[in-house]
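Q: Would you be able to build a 3D model of this:
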Amino acid sequence: MKKPRLHNMVYLLIGVMYMLIGIGAIVLPTGVLPASWIVSVYGSAVTDSLSIHMILEFGAAVLALGSVFLWRARHSRYSPTFHWGMTTYFIVDMMIHWLGPDDASDSPLHDLINTVPFLLLMVLVGALQKFGEGAESADHDAGNHHD
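A: Now for the predicted structure:
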């Protein structure tokens with residue numbers, strides 16, 4: 001069995017984080033958990049069906065994102081195409097939180113939390129370039145197969 005590489009560990013961390021967020025988003029509005037938990041996460045009780053529906057759909061999308069990262073974490077070869085595609089998504093997500101409506105977040109902590117995945121991927125790129133871990137995979141993605 002191959003030793004996990006840096007990108008595998010970062011993708012695993014992000015995948016687990018998004019799986020937990022997705023499960024939480026699906027479970028919280030169902031009434032299974034205490035109402036005080038819902039209020040602590042959403043700031044108020046979520047009672048209208050459209051909001052509940054949107055939260056459930058968000059949970060499903062986040063589960064899919066987490067699954068993609070977990071799937072990618074199992075691959076030993078680093079893919080710059082995948083990495084920059086996900087980095088672009090996280091840039092957009094981060095900008096929505098930092099530049100969105102003032103009342104969308106009651107705390108800068110939410111903005112900082114949504115910045116973490118982007119920063120992780122940017123630090124990973126720097127580390128991969130420094131240690132040369134992604135060079136062979138960049139050739140593979142560009143079609144330069146040396147097998």
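
Q: Give me the contact list for stretch 49-60.
A: Residues from elsewhere that reach stretch 49-60 (CB atoms under 8 Å, 6 or more residues apart in numbering): Ile21, Gly22, Ile23, Gly24, Ala25, Ile26, Leu28, Pro29, Tyr42, Val46. For every residue, glycine as well, the C-beta is placed using N, CA and C.

Q: Return the per-residue confidence for Glu136.
A: According to the prediction, Glu136 has pLDDT 51.

Q: Give me the mean pLDDT for the longest helix anywhere in the chain.
A: The residue-count maximum for a helix in the chain (DSSP state H) belongs to helix 49-73. Mean pLDDT, helix 49-73: 92.

Q: Pipe the contacts of stretch 49-60 into a markdown table and attach distance to Phe118, secondary structure and neighbour count per row.
A: Shown next, in a markdown table, are the contacts of stretch 49-60 (distance: CB to CB, whole Å; DSSP: H, G, I helix; E, B strand; the rest coil; neighbours: other CB atoms under 10 Å):
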| residue | distance to Phe118 | secondary structure | neighbour count |
| --- | --- | --- | --- |
| Ile21 | 15 | helix | 17 |
| Gly22 | 18 | helix | 20 |
| Ile23 | 22 | helix | 14 |
| Gly24 | 21 | helix | 15 |
| Ala25 | 20 | helix | 20 |
| Ile26 | 24 | helix | 18 |
| Leu28 | 25 | helix | 20 |
| Pro29 | 27 | helix | 22 |
| Tyr42 | 24 | helix | 13 |
| Val46 | 27 | coil | 18 |
